[in-house]
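Q: Got a sequence here, can you model it:
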Amino acid sequence: MKIFYALIFVLITFLGCKKENNEAANYAYVGGEIINPNTNYVVLSKNEAIIDTIKLDGRNRFLYKVNDLQQGLYAFRHGGEYQMILLEPQDSVLFRLNTLDFDESLVFTGNGDKKNNYLINDFLESEKEEKHIVRLCQLNPNTYQHLIDSLKNMKAEALESFNEKYKPSDLFKKIAQANINYNYYSAKEVYPFVHYGKDKAAILKTLPDDFYDYRKDVNYNDEFLSSYYNYNTFLRHNVSNMSLKMHDSHSDDKSFDRKSVCYNLDRLYLIDSLIKNTTIKDDLLYYFTMAYISKGKKQDDNEAILKSYLAKCGNENYKNVMVSYAKSLNNLRDGLKLPEINVVNYNNQELNINSLVNKPTAISFWSRIYYEHFKESHFKLEELKRKYPEVNFITINIDECGIDKSKKMLDAHKFDIANEYQFKNAKEAKEVLAVHPMTKTIILDKHSKIVDSNTNLFSSYFEDQLLGLINK
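A: So this is what the prediction gives:
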């Protein structure tokens, strides 16, 4: 591996020196190695626009030159995973990662490595901090504010030390400071939702007067950060929180219900009125509408949310996807028969999914892309099969990579392939069965009638659902 990187550095240096005399050095190199690749390519994009699809070589390595570089944040995607990378002129950023531990295994080397290693480490620390924040949210607001102010100050001091040592660009400083700010803002916004107590509006009234003072300085239309995780996470928390106050002003509910159609309509209205940047607005509208109707049990409420969404969204592709998704959900209502879908078993035998149902049945899904879910869901299924032999547990791989690859993955983890299948036509089947989110599980009675089209293996009430079905 060291020899590989050394050769690349020589190549980059040679090519760069050769051209700098003849043209502006407005380029960057990005390359590296993917361990346990899910596909044979990496996708490089900026602001959701794909720059190129880069094929891996026979050793799962690649090297790519970005010409006419627009310095800033780029995204590289592999399978269903993605991570941001900061590229500036004459950077030569190389990375090595293992898809089985995507973010944690990611290490950068080369010219531009220190700023990117700082950013990925900051991302990982923020993920750990989220669990800590949940516990802190149970404290009174003044104590909570004091503690997260301390966390923010510690990060600011660490950034200052980094800046003094490595003298990074103003662009890096802007991004790193935005990380600190928006993580801090998100911690403030989630407080009333995570804090114990059902009366969320009452919790808002206990907050110090300056608790949300930072809002007056927030740019809700920051195009530069529009594809950045921390900024978008903050926006989701922020509009949810501000919608809570709006909803309370006209609601008679004694306790807050985040599944309330009224509250969710208020949130869509707020997004539409608050945000002018069409990309940011459409992404937020899509996120909250999809989250609502994927779990909504009342058709009238789903239709009200969909109608509001379609009137506010300007992205025609998003709208078409949402309409199709809602239509599929409507065909999966409780009491209806499961649609006819063909699957293939690991003997390459094609079967109709309803022919597999002869007793209470739970159908779950997995993909090679979502590795952690693949593992945890199969471990959970092994436990459930032992506890509930009266239930038929069917598991379907949704990938389009062929039966051999998914079988290899099951075999590698010593998971039983009995009752394991793959969609015959994955694209069509995923649409018909509205397979979103990946944790979705469908429960059927022995006649293939839908009992619940969107429950979750890991939910606290899933086993109660199984028991209710068994005793029916």
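
Q: if I've got this straight, residue 51 is in a helix?
A: No - applying DSSP: H, G, I helix; E, B strand; the rest coil, one finds residue 51 to be strand, outside a helix.

Q: Run through the residues that contact it.
A: By Cβ atoms under 8 Å, 6 or more residues apart in numbering, residue 51 lies in contact with 44-45, 66, 74. Just so you know, the C-beta spots here come from the backbone N, C-alpha and C atoms, and that holds for glycine as well.

Q: most surrounded residue in those?
A: Ranked by the number of neighbours (other Cβ atoms under 10 Å), the contacts of residue 51 place residue 74 first, at 22 neighbours.

Q: Was I right to think that one contacts residue 87?
A: Yes - with contact defined as Cβ atoms under 8 Å, residue 74 and residue 87 form a contacting pair (5.4 Å).

Q: intersection of neighbour lists for those two?
A: In contact with both residue 74 and residue 87: 30, 66, using Cβ under 8 Å, 6+ apart.

Q: Can you tell me what sits against stretch 456-470?
A: In contact with stretch 456-470 (Cβ under 8 Å, 6+ apart) are residues 360, 362, 364, 376-377, 380-381, 384, 387-388, 390-391, 439-441, 443, 445, 451-452, 455.

Q: buried ones in that stretch?
A: 456-457, 462, 465-466, 469 (16 or more other Cβ atoms under 10 Å).

Q: Then stretch 74-94?
A: For stretch 74-94, using 16+ other Cβ under 10 Å, the buried residues are 74-81, 83-88, 90-94.

Q: same deal with stretch 393-400?
A: For stretch 393-400, a neighbour-count test (16+ other Cβ under 10 Å) marks 393-399 as buried.

Q: List just the nearest of these to residue 425.
A: Lowest distance from residue 425 to those (Cβ to Cβ) belongs to residue 398, with 11.0 Å.

Q: what's near enough to touch the closest one?
A: The contact partners of residue 398, taken as Cβ under 8 Å, 6+ apart, are 365-367, 422-423, 426, 429-430, 435.

Q: one more time with 7 Å
A: 365, 367, 423, 426, 430, 435 (Cβ atoms under 7 Å, 6 or more residues apart in numbering).

Q: Tabulate those (a markdown table), appending secondary structure and pLDDT.
A: Output for those, formatted as a markdown table (DSSP: H, G, I helix; E, B strand; the rest coil; pLDDT from 0 to 100):
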| residue | secondary structure | pLDDT |
| --- | --- | --- |
| 365 | strand | 97 |
| 367 | coil | 92 |
| 423 | strand | 97 |
| 426 | helix | 94 |
| 430 | helix | 95 |
| 435 | coil | 95 |
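
Q: longest single strand anywhere in this protein?
A: Scanning the chain for the longest strand, with DSSP state E as the assignment, gives strand 27-35.

Q: Pull out the buried positions in stretch 342-353.
A: Those buried within stretch 342-353 under the rule 16+ other Cβ under 10 Å are 343-346, 353.

Q: re earlier: among the buried residues of stretch 74-94, which are in strands?
A: Using DSSP E, the subset of these located in strands is 74-78, 81, 83-87, 92-94.

Q: how about residue 257, secondary structure?
A: Per three-state DSSP, residue 257 ends up coil.

Q: for it, what are its contacts?
A: Counted by Cβ under 7 Å, 6+ apart, residue 257 has contacts residue 263.

Q: what do you get for residue 371?
A: Contacts of residue 371 (Cβ under 7 Å, 6+ apart): 99-100.

Q: State the distance from it to residue 377.
A: For residue 371, the distance to residue 377 (Cβ to Cβ, to the nearest Å) stands at 11 Å.

Q: do residue 49 as well
A: 34 Å.

Q: who's more crowded, the two?
A: Counting neighbours by other Cβ under 10 Å for residue 49 and for residue 377 shows that residue 377 has the greater number, 21 against 7.

Q: Please identify the helix or strand for that one.
A: Using DSSP states H and E, residue 377 sits in helix 371-387.

Q: Now do that helix and strand 81-87, the angle between them.
A: Here helix 371-387 runs at an angle of 160 degrees relative to strand 81-87 (axes from the mean of the first three to the mean of the last three Cα atoms, to 10 degrees).

Q: got the phi/psi numbers for residue 67?
A: Torsion angles at residue 67 (phi, psi; degrees, to the nearest 10) stand at phi -90, psi 160.

Q: Contacts only, for it.
A: residue 27.

Q: bridging residues for it?
A: residue 27 (DSSP bridges).

Q: So it versus residue 164, what's the distance?
A: Taking Cβ to Cβ, one finds residue 67 at 33 Å from residue 164.

Q: Likewise for residue 242?
A: Residue 242 is 38 Å from residue 164, where distance means Cβ to Cβ.

Q: What of residue 152?
A: According to Cβ to Cβ, residue 152 stands 19 Å off from residue 164.

Q: So between those two, which is more surrounded?
A: Higher neighbour count among residue 152 and residue 164: residue 152, with 16 against 8, using other Cβ under 10 Å.

Q: That one touches residue 184, doesn't it?
A: Yes - counting by Cβ atoms under 7 Å, residue 152 touches residue 184, with 4.6 Å between them.
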